[in-house]
Structure formats: structure tokens, C-alpha cells
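Peer 1: Build the 3D model from these lines:
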Amino acid sequence: MNARVFVVDGVRTPFLGRRPESGSFSPADLAVWAGRALLSRSPVRPERVDEMILGCMTPPLGDGHIARTVALRLGLGMDAQAFSVQRQGASGLQALSCAYDRLSAQRTHLVVAGGTDVAHIASMRRTLGLRGVARLYAAKFGPRRLAPLYDFLSSKLRSAPSPPFDVGHFVGQGIGGRGAEIIAQRFGINRLAQDRYAAQSHERAASAWKAGRFDGEVEAIYGSNGAFYVADDAVRAGVTFEQLAELPALFDPPYGTVTAGNSAVMVDGAALLLLASEAAVKRFGLTVMAEIVGYAWAGVDPARRRLGMVHAIAKLLRAHNLKLGDLAHIELNEESSAHVLACQSACAADDYAHDELHREAPLGVIDPARLNPHGGALAMGHSFGASGARLALHVARSLQEQQGALGVVALCAGGGDAGAMLIRGGFVS
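Peer 2: Numbers count the residues shown, from 1 in each chain. This next block holds a predicted model:
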């Protein structure tokens, strides 16, 4: 029988991507900022932490083992274990999954786990070098569309790099915005619905910040240029769907529906959680925020990878004999409006349940009030390494006062991969 795994606390940095000067961080810097804030308010001394598990898609040049670097900078003991994981946009959730496995097997008792990444082009230049930036952007958006950028960056190198590998078909069908266009067409999700959902995300996020929902969850950081960052800089209070409707289609102009306004901006950010076994909770007298009950991963065709979240949630609910209606809080990573709305439709559709999930009945209707109630990545931005940990932290904090209430976090990764995690609020004996 698996031992129980508890969330003691968690901290994230502001998610930064809009300001030109925000490109002054490395992934390790961001993780250290979050880790110092987390450990400074913990009754457990850093050297008592057994392990660091860190998700990161773009570790700095010469620092491939970023988890160990961060662990040492945070003052964890020299004998503390550390390992880094990479699962594209779900790297932070993968780190938490690994921590859950090790804690539930009682191979460790105190773990700092989460993720960190940079996406602002200035930050990536510092982290990856010009060649790395060119390759990453080409892999994300397709070599043809980013050819001018690639040529420009390559011209700045002393020796011309080899051209990026041919990912045009894979990117166009699964990773880039065309994948969102595909599922929007499949479920009949029009431009108006997507823009309305994006505006709602900004409205909810702005209201949550104003109401203090992120107090204690987000800790301020300083940039190397002396700038002071206290909040996510992509959130736009007062944005309307009418304003978003003026933006051009990105991938299939002029008739496409996916735009910069109803897609998430990539951001710099880090999120770390302190996880503990039940034995460690008792030994150190720790206060429990929430419990990680389990997780599930699923794979689908890369052409519809964003629907993988539905498959991961279905597996998770089945494993724990639960229904969608049992969940008080659901966080679906908002890479785009289209894929969140498509996941809602897929959960409620009889044909999708029968043909894709191999169920007799659909998962059910997701209550809009319980879905991303405080905004999501459409407003705050998406950090490949950190988003999974950010979502888990926010659900844990949201349910902290609702002892026994259940929440689910889900997000997808590149290549048709997706994960979901089940979290229970408070401590239930």
C-alpha cells in the first residue's frame, strides 16, 4: 500500500513575458528565487530536505543538471539527491509525479519539486545562446514560418549552424497553433467563443490578483537590471473580446480563429512545492496544505494533443472511482482558448466517449465556475517547465480551507502526451 504524500507549502515567481526588460533571468535564477522564499518560511532547515526534483525544458548552457545546481544554491545538504526532468510543457507536472512516486514508496521523506523555464527571447539568448534560440523557435513554430528569424540569428554567429531539423509537418499538425485550429474546427468552436473565453481568463486573473488570491503564492523577485517584479505582467485588466476580435489570425489567415489574443504567451517563471511523507509531517510538526492523491498520463495522436488532457483525466477518475461532478476545482492549462473549449466539449460528447475514450457514457459537463476560476495561462502565460507546478500549487492553496475537497490539474506536452493530477484539500485523517 502506498504511503500518503502531502503538500506542505509552495511558492512561484511572477510569470514574466511582456516587458522588454524581463529577459534578465536564467532558469536556475528563477528556481532559486522561488526556493529561497519557500524554504525561508518552512520550519524545516534546508539541509533536512532529502531531494530536489526539477522540471526544465531549456536548462542553461553548461548546466544540464539544473536540479543539482539549484539544490546547492539553496543550501540543501551535499548528500541531498537531485535530478532534472523534461517532458516539454508538462515538465513541472512530471517533477511532481516523480516526487509522488518516491514519497509514496517511502524512498524519501522531504522533497522540493517543481519546475522552471525561460521563454522571453532575451532570457533564452542568455540561457541557450543564439543558436539555441533559433532552434527552439524553429521547433516550436516551424522552420518555414520562422525562417527570417532563424536567418537573422544565424547571421550573428561566427560560423553558420546546421539548419534546424525538418519538423514542419509535426509542428503544423500537433505542436503549433494549427493543432488548435484543427480541434476548433472539429468541435465547431468559432472565433467569438475563443475570444470571449480569453477575455474571461484575463478578467478572472485580474480579479483574483485584486482580491489577494495570489498573496503568499507569488513572491516578488529582482531582475539583474534592478527591476522589481511583483505580479504576472501579461494579465490585462479590462480587456474585452471586442478588442481581441481586432487581432489577425496567426496560422490560417484570413479565415483562421487562433490569434495571439486567444493563445497563451510564453513566459519566464518558476514554481516549487515542498512535499512530505506522513512520517515527515509528524516528525517536523508540519502544517499540511493538501494531499496529492494520484496522477495519470495518457497519449493521443499529436495532431490533437491538446485533447490528451481529457484522456488523462478519464484515466485518473476511473482509477479513483470518481466523476467530474466530484471535483470542486479543475485547472486545465490554457495554451489556447480553442483547446480548453474543445476539452469541455469532448468531456460532454457521447461520440467522443464511445469512439475515443471507449466509455459507455461521457465524462460529463465541466462546471464553468469550477474551471480555472482565477484565470489561467491565457492571462498569466505558459512556462514549459513551471506551468504544471503552478497549477498544482494553485489548486492546493485554493482547496486548503476546504478539507477533503478534490481538485484536478491537467496539461499536455509535446508529441501527444498529457498528464492529470488529483489533489485533496487539507489534511484528512
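Peer 1: Below-threshold pLDDT in this structure: ranges please.
Peer 2: For the chain, the stretches flagged by pLDDT under 70 are 1, 18-23, 62-63, 120-176.
Peer 1: Quick check: buried residues in stretch 301-315?
Peer 2: Within stretch 301-315, the residues scored as buried using 16 or more other C-beta atoms under 10 Å are 302-315. No exception for glycine: its C-beta is placed from N, CA and C like everyone else's.
Peer 1: again, but for stretch 351-362
Peer 2: Within stretch 351-362, the residues scored as buried using 16+ other C-beta under 10 Å are 352-353, 356-357, 362.
Peer 1: Convert that stretch to PDB, retaining C-alpha atoms only.
Peer 2: Taking Å, rounded to 0.1, in the frame of the first residue of the first chain, the C-alpha atoms of stretch 351-362 are listed here in PDB:
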ATOM      1  CA  ASP A 351     -19.500  10.100 -29.600                       C
ATOM      2  CA  TYR A 352     -16.100  11.100 -28.100                       C
ATOM      3  CA  ALA A 353     -16.700   9.000 -25.100                       C
ATOM      4  CA  HIS A 354     -17.600   5.900 -27.200                       C
ATOM      5  CA  ASP A 355     -15.100   6.400 -30.100                       C
ATOM      6  CA  GLU A 356     -12.100   7.900 -28.300                       C
ATOM      7  CA  LEU A 357     -12.400   7.100 -24.500                       C
ATOM      8  CA  HIS A 358     -14.000   3.700 -25.000                       C
ATOM      9  CA  ARG A 359     -16.600   4.500 -22.400                       C
ATOM     10  CA  GLU A 360     -20.300   3.900 -22.500                       C
ATOM     11  CA  ALA A 361     -21.100   7.400 -21.200                       C
ATOM     12  CA  PRO A 362     -19.300  10.700 -21.500                       C
END
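Peer 1: Show me the helices in the stretch 301-429 of the chain, by range?
Peer 2: Along the stretch 301-429 of the chain, counting by DSSP state H, counting those that start in this stretch, helices occupy 308-319, 337-348, 350-355, 377-380, 387-398.
Peer 1: And for the stretch 101-250 of the chain?
Peer 2: Using DSSP H, counting those that start in this stretch, the helices of the stretch 101-250 of the chain run over 121-141, 147-155, 168-170, 177-186, 191-210, 241-244.
Peer 1: For the following helix or strand past the last one, name the packing helices and strands.
Peer 2: Yep, that's helix 241-244 we're talking about. Heading C-terminal from helix 241-244, the first helix or strand you meet, by DSSP states H and E, is strand 269-277. For strand 269-277, the elements it packs on are strand 5-12, helix 27-40, helix 91-104, strand 110-117, helix 387-398, judged by 3 or more C-beta pairs under 8 Å, 6 or more residues apart in numbering; DSSP states H and E.
Peer 1: try 10 Å this time
Peer 2: For strand 269-277, the packing partners by 3 or more C-beta pairs under 10 Å, 6 or more residues apart in numbering; DSSP states H and E come out as strand 5-12, helix 27-40, strand 51-55, helix 91-104, strand 110-117, helix 278-284, strand 290-299, helix 387-398.
Peer 1: Please tell me how far the second one is from the chain's geometric centre.
Peer 2: Once both centres are worked out by C-alpha atoms, centre = their mean, to the nearest Å, helix 27-40 turns out to sit 17 Å from its chain's centre.
Peer 1: What of the fourth one?
Peer 2: The gap between where helix 91-104 is centred and where its chain is centred comes out at 14 Å by C-alpha atoms, centre = their mean.
Peer 1: same thing with stretch 292-308?
Peer 2: Worked out by C-alpha atoms, centre = their mean, stretch 292-308 lies 13 Å from the chain centre.
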